[in-house]
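Undergrad: sequence and computational prediction follow.
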Amino acid sequence: MPGYETLRYEERGCVAWVTLDRPEVLNSFDTVMMREIHRCWSGLRANDDVNAVVLTAAGDRAFCTGVDRAAAAIGDDEGPRDIGQQGATPLHFDDPGDWLPPKTAGRLWKPVIAAVNGMACGGAFYLLAEADIIIAAEHATFFDPHTSYGMAAVFEPMMMLQRMPLGEVLRISLMGAHERMTARRAREIGLVQEVVPGADLAATAAVVAEAIASQPARAVQATVRAVWYAQDLGYRQALDVGKTLVRLGTDDDDLAEGQALFASGRRIPWQAR
């Protein structure tokens, strides 16, 4: 993949590691990072060498703190000139949600494992809302300060309703900067799937990503697509679509290999969580 200014990108076997790399501003995003994240998701979609993605951030203070307000007006003729309204009327509006979420913006159905290593707030939820698995360091915190600074929290809570109970979304959105959700609490409500010491975060994410990436790509991606379809569609509609996904996600060679593994009596080593 081409080089980036605001991201670090590395492929380790079948796993891509995408690192937000603006630690000096707590990995907040400007228009350059927005475009690079969008380009990264699009590139991964077409990269058959990668079966899973780990998304993390530089440093241990913050995963992402949303929009870099000091840089929000920076842009060029090739992209949005601002993070926010563009054009003569409010009907022409650009939002980070058009650029950042891996599934909405990138149409990426390869599993994304987010490794959260510090504060995750505001616009960070554009990324976390469409991650498939979230692993957090013990010191990670989650909050949305929009209302404290006179801004409506709109897209972030809408997206986080995919991952959090209604009351928790309302609390995190309405409490603003007055409260931060701990990694432990995020685990209790299902936002986070695992909490580990900060020193173990990368290794834990690697174990999960490598295990997923070792499995047949078509079956994994169809599974991801099925789960997100079920989030987006009605129950009966999702079941109808599922009949197609079963066929699309099952490769005869992969199935034969799996059957042979099962018949051999060998079992995949597993760990408890």
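TA: Cool, the structure landed.
Undergrad: and E179, how many neighbours?
TA: Using other Cβ atoms under 10 Å, the number of residues around E179 comes to 12. (Glycine included, C-beta is placed from N, CA and C.)
Undergrad: wait, it sits on F142?
TA: No. Applying Cβ atoms under 8 Å as the test, E179 and F142 come out as separate, 10.0 Å apart.
Undergrad: shared neighbours, the two?
TA: Residues touching both E179 and F142 by Cβ atoms under 8 Å, 6 or more residues apart in numbering: I172.
Undergrad: got a pLDDT number for D82?
TA: At D82, the pLDDT value in this model is 54.
Undergrad: er, I133 actually
TA: In the prediction, the pLDDT value recorded for I133 is 98.
Undergrad: give me the nearest residue to the residue positioned nearest the centre of the chain, chain neighbours excluded.
TA: Central residue of the chain (Cα atoms, centre = their mean): A131, 2.8 Å from the mean position. By the measure of Cβ to Cβ, 6 or more residues apart in numbering, the closest residue to A131 outside its immediate chain neighbours is A114, 3.8 Å from it.
Undergrad: which element, helix or strand, includes that neighbour?
TA: In this assignment (DSSP states H and E), A114 forms part of strand 112-116.
Undergrad: what's the first helix or strand after that strand?
TA: Sequence order places strand 119-121 as the next helix or strand after strand 112-116, per DSSP H and E.
Undergrad: show me what the next helix or strand after that following strand is packed against.
TA: The helix or strand immediately downstream of strand 119-121 is helix 124-128, counting by DSSP H and E. Helices and strands in packing contact with helix 124-128 are listed as strand 62-64, strand 112-116, helix 155-160; criterion 3 or more Cβ pairs under 8 Å, 6 or more residues apart in numbering; DSSP states H and E.
Undergrad: as CSV, the ones you listed with mean neighbour count would be great.
TA: Converted to CSV, the helices and strands packed on helix 124-128 look like this (neighbours: other Cβ atoms under 10 Å):
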stretch, mean neighbour count
strand 62-64, 28
strand 112-116, 28
helix 155-160, 20
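Undergrad: to D253, which of the ones you listed lies closest?
TA: Between D253 and the helices and strands packed on helix 124-128, the shortest separation by Cβ to Cβ is 26.2 Å, and it involves strand 112-116.
Undergrad: which other helices and strands contact that closest one?
TA: In terms of contact count using 3+ Cβ pairs under 8 Å, 6+ apart, strand 112-116 is assigned the packing partners strand 52-57, helix 124-128, strand 133-137, helix 201-213.
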